[in-house]
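Undergrad: with the input below, show me the fold.
(chains A, B and C)
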Amino acid sequence: MDTTGLYLAGMRQSPPLVHCITNYVAMNIMANVLLAVGASPAMVHAREEVADFAGLAQTLSVNIGTLDPAWAEAMVTAAGVMRANGRPWVLDPVGVGATRFRQEVCADLLKEKPTVIRGNASEILALAGAGAKGRGADAADPVEAAEDAARDLAQRTGAVVAVSGAVDYVTDGSAAYRVANGDALMPRVTALGCSLNGVIAAFLPGQPALQATVAALALYGLAGERAAQSAKGPGSFQTAFLDALAALTPETLTTGARVSRA
Amino acid sequence: MDTTGLYLAGMRQSPPLVHCITNYVAMNIMANVLLAVGASPAMVHAREEVADFAGLAQTLSVNIGTLDPAWAEAMVTAAGVMRANGRPWVLDPVGVGATRFRQEVCADLLKEKPTVIRGNASEILALAGAGAKGRGADAADPVEAAEDAARDLAQRTGAVVAVSGAVDYVTDGSAAYRVANGDALMPRVTALGCSLNGVIAAFLPGQPALQATVAALALYGLAGERAAQSAKGPGSFQTAFLDALAALTPETLTTGARVSRA
Amino acid sequence: MDTTGLYLAGMRQSPPLVHCITNYVAMNIMANVLLAVGASPAMVHAREEVADFAGLAQTLSVNIGTLDPAWAEAMVTAAGVMRANGRPWVLDPVGVGATRFRQEVCADLLKEKPTVIRGNASEILALAGAGAKGRGADAADPVEAAEDAARDLAQRTGAVVAVSGAVDYVTDGSAAYRVANGDALMPRVTALGCSLNGVIAAFLPGQPALQATVAALALYGLAGERAAQSAKGPGSFQTAFLDALAALTPETLTTGARVSRA
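TA: Down below sits the predicted model:
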């Protein structure tokens, strides 16, 4: 896949309005991540306007992080608008294994046919019904442990499923890729995983979902590698990560992407 | 206006308690911006206490970013308290053109007579009824396109109206100023516009609204120019911007302000 | 107390899941602070899942910053679960003196027997009924003015009470310590006080509350001292502070802690 950079170039040529319904922890950094890559984020959740706004957006990112019932309803509404309009949306099933409430909300969201589902191994295992017990945003399980579950979930839902970890795994249920970019400091900064889903959402409009997701993961991991070169810890890493996302070009992405067929 | 720095000096001499009702994306950076300039921010929104708290504050900043009906009610209540007490408040009509819900909430807020209204060109056009369609916090329109609308809105509401952009435009409906300070990285960091409204609110108590608003815009833009000198991208820019806000003195503000009569 | 570092070593050896119910301003930085020290934060507040989640957590931090009634109910529920399970929890009575609503919510929370209460001098005075009028998160009163109130509050509630300031004061109602670590830039960054309560919560499981609280305060203040060495203002201070929290070792903490009996 030596064309990874084209997905970045395409996104920047026509920056999508990315509607985000995400958790309180992630809102600021997710908006900054999307601005850094060149997209246009907007956070909107109220029942009174969420459908109107979803109608204006090219793509949607839904994250169940700091969930409550009113927000869950907004998520289902917005996802339904995207589905009705034939536009893509991405699901981040944060901590789905931790409580029954999250499982129920995710079941409702799956009915609206997400284009992409991305989570850590524990979350994908839990969402696939493979029984992992999450304890929040932490991944207790390695990526490999969730590959079968990811493939099953993709086949069952029609979504591209991505499992984040040291080496990411992405599948549409038949083809699959591994993305080896990234750095160990990334999970030490909160909500970088959440924010990644916004970048995936930004890459989707008008593109094949599997390849676009792989490109977004490679971009993200490569920015992490660049940031780690100057970082002295998680604080300076976060700052350098935003700088690196903005500085990466399609060419450097194509050169730096470490993608292989699984 | 070679006295711009005096407004900063006055604010720091008697740091106001700035009551903020703002969106989830902006809350942290807005508080940090206000602390950096030397003011004392407090974020309070619950129906059960918003009026009590507004009664303690010297000034108020209202931002409709991640709106919902309970928050809208709190905004109207707090603005009403400021108005009744003869204290200033600032309105940020984020994305007012995007949904009918926002237009209705802004109509309610205008009845409470904001002292200052600041937005980007698209927002000021939409609020003035000049028909721009916003798509969130983005400004699709140039500042010049909103100058007539700003003057009309100022005359109709009695507020000072500021249009943010490459060169800001500020008017009370008769006199008008342009503020040329700023840097192209500023819109690449989320919620810096929102946070600016807090700074305007901090500058208002006991000062003429038009001049205080101009001074706040000049301070903000000048800090952006300073930050850009060392920034390597939007991440390091945000860090350097907070440092610059704290480091600016009344003297450097007076010297660096690029303000002219419009 | 030359064993301060042991509390950090113990926490990192078995990183606790820290359930946080905190304000919108603090959520992101609090999660980053907890990740930096080596703990595992999770922000969960919905009525529908807060009890389930509290049952999974080793420790809880409650902060009344941007309060509303639904959140207040979640706080009482979660605190009740911790109490029933014999697990620790920490109360941050932000701005308790500012409104009657906050006083009522704090009265309800005190019934659930917090393990530790930490606030600034004005908040501890107000919570102890000693009549200070808070105006948000600011501390108008010096630490010394709240020492008697802290001791009374500790005796009355059974909690360890910590008063933050230039030199912190910590007491269980009989013994008391002073922690002199810290830097003047710390109150210039929003929500660092809030985030400290998460660190105290992370230090508590399986440890004596008085000593663990003292160790958390020393760690925090020492990280502030380290950060100040390279900071050029509040922006770069925040970045360096997270780096310093992650870099501090048990040995450097034991060496750098400035703790004395009061």
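Undergrad: for B:D141, see how far away the closest residue to A:A262 other than its chain neighbours is.
TA: Leaving aside its chain neighbours, A:A262 sits nearest to A:A176 (3.8 Å; criterion: C-beta to C-beta, 6 or more residues apart in numbering or on different chains). Quick note: C-beta positions are derived from backbone N, CA and C, even for glycine. A:A176 sits 45 Å away from B:D141, going by C-beta to C-beta, to the nearest Å.
Undergrad: neighbour count: the two, which is higher?
TA: It is B:D141, of A:A176 and B:D141, that has more neighbours when counted by other C-beta atoms under 10 Å in any protein chain shown, with 22 against 19.
Undergrad: re earlier: which ones are touching the residue nearest to A:A262?
TA: A:147, A:151, A:169-170, A:261-262 (C-beta atoms under 8 Å, 6 or more residues apart in numbering or on different chains).
Undergrad: and A:G129, its phi and psi?
TA: phi 80, psi 20 (degrees, to the nearest 10).
Undergrad: burial of it, as a residue count?
TA: 12.
Undergrad: can you list the residues of the stretch 1-150 of chain A near chain B?
TA: Within the stretch 1-150 of chain A, the positions adjacent to chain B are A:17, A:24, A:27-28, A:31-32, A:35-36, A:40-49, A:52-53, A:56, A:70 by C-beta under 8 Å from any C-beta of the partner chain.
Undergrad: list only buried entries from those.
TA: Buried residues within those, counting neighbours by 16 or more other C-beta atoms under 10 Å in any protein chain shown: A:17, A:24, A:27-28, A:31-32, A:35-36, A:40-46, A:48-49, A:52-53, A:56.
Undergrad: element containing the residue positioned nearest the centre of chain A, please.
TA: For chain A, A:N197 is the residue whose C-alpha lies nearest the centre (C-alpha atoms, centre = their mean; 1.9 Å). Using DSSP states H and E, A:N197 maps to helix A:192-203.
Undergrad: return the distance of that helix from the chain's centre.
TA: Taking C-alpha atoms, centre = their mean, to the nearest Å, one finds helix A:192-203 lying 4 Å from the centre of the chain it belongs to.
Undergrad: buried set for the helix or strand just after it?
TA: Next helix or strand after helix A:192-203 toward the C-terminus (DSSP H and E): helix A:209-230. With burial defined by 16+ other C-beta under 10 Å, the residues of helix A:209-230 counted as buried are A:209-224, A:226-228.
Undergrad: and chain B, which of the residues you listed contact it?
TA: Answer for those near chain B: none qualify (C-beta under 8 Å from any C-beta).
Undergrad: run through the strands of the stretch 101-250 of chain A in chain order.
TA: Remark: strands assigned in the stretch 101-250 of chain A by DSSP state E, counting those that start in this stretch are A:116-120, A:160-164, A:168-171, A:176-179.
Undergrad: I'd like the distance between A:A42 and A:M30.
TA: When A:A42 is compared with A:M30 (using C-beta to C-beta), they lie 11 Å apart.
Undergrad: er, A:R100 I mean
TA: From A:R100 over to A:M30 the distance is 26 Å, taken as C-beta to C-beta.
Undergrad: and for A:L217?
TA: 16 Å.
Undergrad: just A:L109 next, same as before
TA: 18 Å.
Undergrad: my read is that A:A78 contacts A:I21, right?
TA: Yes. Using C-beta atoms under 8 Å, A:A78 is in contact with A:I21, at 6.0 Å.
Undergrad: which neighbours do those two have in common?
TA: A:50, A:60, A:62.
Undergrad: out of the residues you listed, grab the one that's most surrounded.
TA: Comparing those by number of neighbours (other C-beta under 10 Å), A:L60 comes first, having 29 neighbours.
Undergrad: for the strand or helix carrying that residue, packing partners?
TA: Secondary structure assigned from DSSP H and E places A:L60 in strand A:59-63. Here strand A:59-63 touches strand A:17-21, helix A:69-84, strand A:89-92, helix A:192-203, going by 3 or more C-beta pairs under 8 Å, 6 or more residues apart in numbering or on different chains; DSSP states H and E.
Undergrad: and that strand, which strands flank it?
TA: Strand pairing for strand A:59-63, using DSSP bridges, gives strand A:17-21 (parallel), strand A:89-92 (parallel).
Undergrad: could I get those as CSV with mean pLDDT?
TA: Below are these laid out as CSV (pLDDT from 0 to 100):
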stretch, mean pLDDT
strand A:17-21, 97
strand A:89-92, 98
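Undergrad: which residues touch stretch A:46-59?
TA: Around stretch A:46-59, the neighbours that count as contacts under C-beta under 8 Å, 6+ apart are A:16-19, A:21, A:42, A:44, A:60, A:70, A:73-74, A:77-78, A:81-82, A:85, A:87-90, A:201-202, A:204-205, B:66-69, B:98-102, B:135.
Undergrad: what's the end-to-end length of it?
TA: End-to-end distance of stretch A:46-59: 18 Å, with C-alpha to C-alpha, to the nearest Å as the criterion.
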